[in-house]
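In: sequence and predicted structure are below.
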Amino acid sequence: MDKEMMAKVNEVLKANGRRELSMDEMDKVVGGECLRIVDIKTEEDLNYFVYTFIGSMEKAFGKDVTTDFLLKQLPSYDMIQYYRKGDLDTLHNFLGQRAIDKGWNGF
């Protein structure tokens, strides 16, 4: 994410009395929900990550910011092409094939 976009995101968050949490803080707050691609082990993890976490991020910040986040999680341009050209279902299918079916050996 470029500096200008990050500044806008931070401005919105501060205006609403919120700030971005570090990964350590997120782990403590959510109590183990799947917030990282590499932590996807089950279909439940995959569903939460794509439809709840990424879906919320996309709705709040748009596809560009969400794409940057996904690339930081897993630098796979194939994944990004599926996501950008499709939707959350397409991302879900792509990650499901890689994470669950192939045990992350698909990358």
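Out: Looks like it arrived, so ask away. Computed from a predicted structure; not experimentally measured. Numbers count the residues shown, from 1 in each chain.
In: after the lowest-mean-pLDDT helix or strand in the chain, next one along is what?
Out: For the chain, counting by mean pLDDT, DSSP states H and E, helix 23-30 ranks last in confidence among helices and strands (a mean of 55). Sequence order places helix 43-47 as the next helix or strand after helix 23-30, per DSSP states H and E.
In: mean confidence score for that next one?
Out: Helix 43-47 shows a mean pLDDT of 89.
In: which strands and helices lie in contact with it?
Out: For helix 43-47, the elements it packs on are helix 88-95, judged by 3 or more Cβ pairs under 8 Å, 6 or more residues apart in numbering; DSSP states H and E. Any C-beta I mention is one placed from the backbone N, CA and C, and that applies to glycine too.
In: ok, and what's touching the helix it packs on?
Out: 37, 40, 46-47, 49-51, 54-55, 58, 70, 78-79, 82-83 (Cβ atoms under 8 Å, 6 or more residues apart in numbering).
In: which among those residues gets closest to residue 3?
Out: residue 70 (19.0 Å; Cβ to Cβ).
In: any low-confidence regions in the chain?
Out: 1, 12-32, 101-107 (pLDDT under 70).
In: show me what contacts residue 2?
Out: Listed by Cβ under 8 Å, 6+ apart, the contact set of residue 2 is empty.
In: repeat the analysis, applying 10 Å as the threshold.
Out: Going by Cβ atoms under 10 Å, 6 or more residues apart in numbering, residue 2 touches 8, 64, 68.
In: on that earlier part again, restricted to helices, list the contacts of helix 88-95.
Out: 46-47, 55, 58, 70, 78-79, 82-83 (DSSP state H).
In: can you select the buried ones from those in PyMOL?
Out: Buried residues among the ones in helices among the contacts of helix 88-95 (16 or more other Cβ atoms under 10 Å), as a PyMOL selection:
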select buried, resi 46+55+58+70+79+82+83
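In: turn the ones in helices among the contacts of helix 88-95 into TSV, including distance to residue 89.
Out: Formatted as TSV, those follow (distance: Cβ to Cβ, whole Å):
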residue	distance to residue 89
46	12
47	11
55	11
58	13
70	15
78	16
79	14
82	10
83	10
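In: ok, the ones in helices among the contacts of helix 88-95 vs residue 33, which is closest?
Out: Ranked by distance to residue 33 (Cβ to Cβ), the ones in helices among the contacts of helix 88-95 are led by residue 47 at 11.0 Å.
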